[in-house]
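Peer 1: I would like to see how this sequence folds:
(one chain, ligands or ions: 1)
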Amino acid sequence: MSLVFTCSADDGHPADLTLAGLLREHGLPGTFYFPIRNQEGGPVLSGAGMRQVAAQFEIGSHTLDHQFLTRVGAAQAGAQIVRGKRELEDRLGRRVAGFCYPGGRYRPLHIGQVRAAGFDYARTTLNLCLDAGANRYEMATTCQFYPHARAVYLRNYLRGGAWPQRAGMLLRALGEPDWERRLYAMFAAAERRGGVFHLWLHTADVEAQSAWPALAGFLAHVAARVPPSRRLSNGALALRSFGALKR
Ligand SMILES: [Zn+2]
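Peer 2: Numbering: from 1, shown residues only. Below is the predicted model of the structure:
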């Protein structure tokens with residue numbers, strides 16, 4: 001079965017430059033979701049740093065201030081979505097088509113706001129999926145590059161719905177206690193089944209876990225198995241899965 005690989009990094013931490021270098025080295029595309037600021041205090045790339053990543057990779061928006069949309073009223077959520085897009089486009093000098101919900105938190109209202117703001121697609125934090133997601137504004141992932149306890153997978157599974165489609169990958173995740181081996185086991189299962197393997201991460205976590213060698217090893221593993229024609233940015237995957245957006 002043929003497998004498509006895509007990956008994404010959230011939050012615009014300065015270590016995104018390190019990830020950009022790694023992806024380039026392995027010929028893998030990726031999508032970086034940048035807020036303009038991070039109200040939780042994490043550092044965010046300068047405009048120059050953002051443009052450096054944007055020279056080779058797709059950039060999406062992650063609100064203005066990394067605001068969890070469900071924690072504020074509708075007007076404030078809308079402003080975060082619209083201003084995050086506008087300010088990012090001003091910095092990059094080009095259109096930004098993709099959006100990612102901070103913390104993976106959103107309600108139907110926010111999907112409408114993202115669409116109205118002019119985004120073509122949006123990524124969630126729903127994991128354990130081997131497809132692009134239910135629709136273009138609720139794109140799914142397969143796993144986060146993070147040493148999650150197995151209970152985290154179980155919680156995400158129960159909260160996320162789409163249980164029959166996700167049960168196979170849940171069993172893979174629960175079946176392997178070591179998180180690095182779990183990643184390879186999930187990828188091997190995806191290779192057997194075919195579909196989409198969407199890896200996402202925060203580079204701040206990779207730094208904190210000293211996990212750059214592990215990430216480099218996994219990306220080399222992916223690059224050796226997925227041919228260039230099946231390595232897609234999130235935007236290219238949205239286009240391939242859901243078609244061009246008619247406005
Ligand atoms: Zn985030």
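
Peer 1: For the ion, what's the nearest residue on the chain?
Peer 2: Going by Cβ to the ion, the ion is nearest to Asp10 of the chain, at 4.0 Å. Heads up, the C-betas are built off the backbone N, CA and C, glycines and all.

Peer 1: burial count for the nearest residue to that residue once chain neighbours are set aside?
Peer 2: Nearest-residue entry for Asp10: Tyr33, 4.8 Å, with adjacent residues in sequence omitted and distances by Cβ to Cβ, 6 or more residues apart in numbering. Neighbours of Tyr33 under the rule other Cβ atoms under 10 Å: 29.

Peer 1: Show the contacting residues for Tyr33.
Peer 2: Shown in contact with Tyr33 (Cβ atoms under 8 Å, 6 or more residues apart in numbering): 8-12, 59-62, 98-100, 123.

Peer 1: 7 Å instead?
Peer 2: Taking Cβ atoms under 7 Å, 6 or more residues apart in numbering, we find Tyr33 in contact with 8, 10, 60-62, 100.

Peer 1: Helix or strand: which one has the residue lying farthest from the centre of the chain?
Peer 2: Centroid-distance maximum for the chain: Ala75 at 25.4 Å, with Cα atoms, centre = their mean. Ala75 belongs to helix 74-92 when assigned by DSSP states H and E.

Peer 1: which outside residues touch the next helix or strand after that helix?
Peer 2: Downstream of helix 74-92, the next assigned helix or strand under DSSP H and E is strand 98-100. Strand 98-100 is contacted from outside by 10, 31, 33, 58, 60-62, 114, 119-123, 234-235, using Cβ under 7 Å, 6+ apart.

Peer 1: All set now, cheers.
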